[in-house]
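Asker: one predicted model, sequence on top.
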Amino acid sequence: MTRRHVARGHTLVEFVIAMALGLIVTAGAISLYTTQRSAFERASNATRIREAGLTALLLIGQQLQMAGFVPAGVVGYDAPSALFGCSRGRPTGTDDNPRCGTLSTGSDGVAIRYVGDAVSTWPSSSGQITDCVGQGIKSGDAVLGSGGVPVVNRYFANVSESTGEPELYCDGNGNAGTAQPLVEGVERLRLRYWLAGASAAIDASAVPADQWANIVAVDLCVLVRGAPQGQRSRYIDCDGVSTVGTDLRPRHAFSRRVTLRNRTEASP
């Protein structure tokens, strides 16, 4: 007897069910990937913001602690005030006649002065004392004698002309007038100053011209912004105000109080 073989295929219903199950699995995998990628990007963004903020605080804080420093071997140095600040602007002009130039970012600026030597700064490859961006400072001041060189570093936040991103800048007297970026993402620098015996910190614009030598501490705050993340976020700015961002970038403010170690008592 011969056995007849009947060819059987999948029905249309079975095909539709299989395709639907495949689409569900694919959609789930895509959704999981998208969620994980979004979480990774947010975490990376937060890490970059934190690193930028803490780095900016460290750099400026260390310089503020150096303000007014003069090596023990340096005598006869009649220094200008260790600090000079600007509200919503950057320090310009000469050390003898400092002024403030406006900034569209609304950032404050500060000029920090001290006498550097081979111990307090990193010497350049040629042995020169360096400023905030590693530029060698030429010394033509014979009064300092023991190898000390006046260092003037001016910090502010501004938008880069090449990238369009906000950055922390420093203009050192190794090549005065040519500011260099230090930390990307720093949108605003905010400084308030404590006068000796004062009950509250004040803005630079409220510090009398003859009182910069009486600054004993500085409240330092930097506002850092990250990359766009698809939604507006709320943050506390450097003035302690809760604010919703006008764009899709997250922001975070970092602050610290720095005591001036080298302040000398002003003469009566």
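Answerer: Yes, it's here.
Asker: in the protein, mark out all the strands, start to finish.
Answerer: Under the criterion DSSP state E, the chain contains strands at 83-86, 89-93, 98-102, 109-116, 149-159, 166-172, 180-184, 186-195, 215-225, 234-236, 242-244, 251-259.
Asker: now those in CSV, with distance to Glu51, mean neighbour count and mean pLDDT?
Answerer: Where C-beta positions appear, they are placed from N, C-alpha and C, glycine not excepted. Written out in CSV, the entries for those read as follows (distance: least, CB to CB, whole Å; neighbours: other CB atoms under 10 Å; pLDDT from 0 to 100):
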stretch, distance to Glu51, mean neighbour count, mean pLDDT
strand 83-86, 26, 24, 95
strand 89-93, 24, 20, 92
strand 98-102, 29, 15, 91
strand 109-116, 22, 25, 93
strand 149-159, 16, 24, 94
strand 166-172, 13, 23, 95
strand 180-184, 9, 18, 94
strand 186-195, 11, 23, 96
strand 215-225, 9, 23, 95
strand 234-236, 17, 14, 92
strand 242-244, 22, 10, 91
strand 251-259, 10, 17, 95
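Asker: need these in JSON lines (columns: distance to Val70).
Answerer: Supplementary listing: the strands of the chain in JSON lines, determined by distance: least, CB to CB, whole Å:
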{"stretch": "strand 83-86", "distance to Val70": "15"}
{"stretch": "strand 89-93", "distance to Val70": "21"}
{"stretch": "strand 98-102", "distance to Val70": "19"}
{"stretch": "strand 109-116", "distance to Val70": "5"}
{"stretch": "strand 149-159", "distance to Val70": "10"}
{"stretch": "strand 166-172", "distance to Val70": "18"}
{"stretch": "strand 180-184", "distance to Val70": "25"}
{"stretch": "strand 186-195", "distance to Val70": "21"}
{"stretch": "strand 215-225", "distance to Val70": "17"}
{"stretch": "strand 234-236", "distance to Val70": "38"}
{"stretch": "strand 242-244", "distance to Val70": "42"}
{"stretch": "strand 251-259", "distance to Val70": "18"}
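Asker: so which of these is nearest Ile17?
Answerer: Proximity to Ile17 (CB to CB) singles out strand 234-236 among the strands of the chain, at 46.7 Å.
Asker: I'd like to know which elements the closest one is packed against.
Answerer: Secondary structure elements in contact with strand 234-236, counted by 3 or more CB pairs under 8 Å, 6 or more residues apart in numbering; DSSP states H and E, are strand 242-244, strand 251-259.
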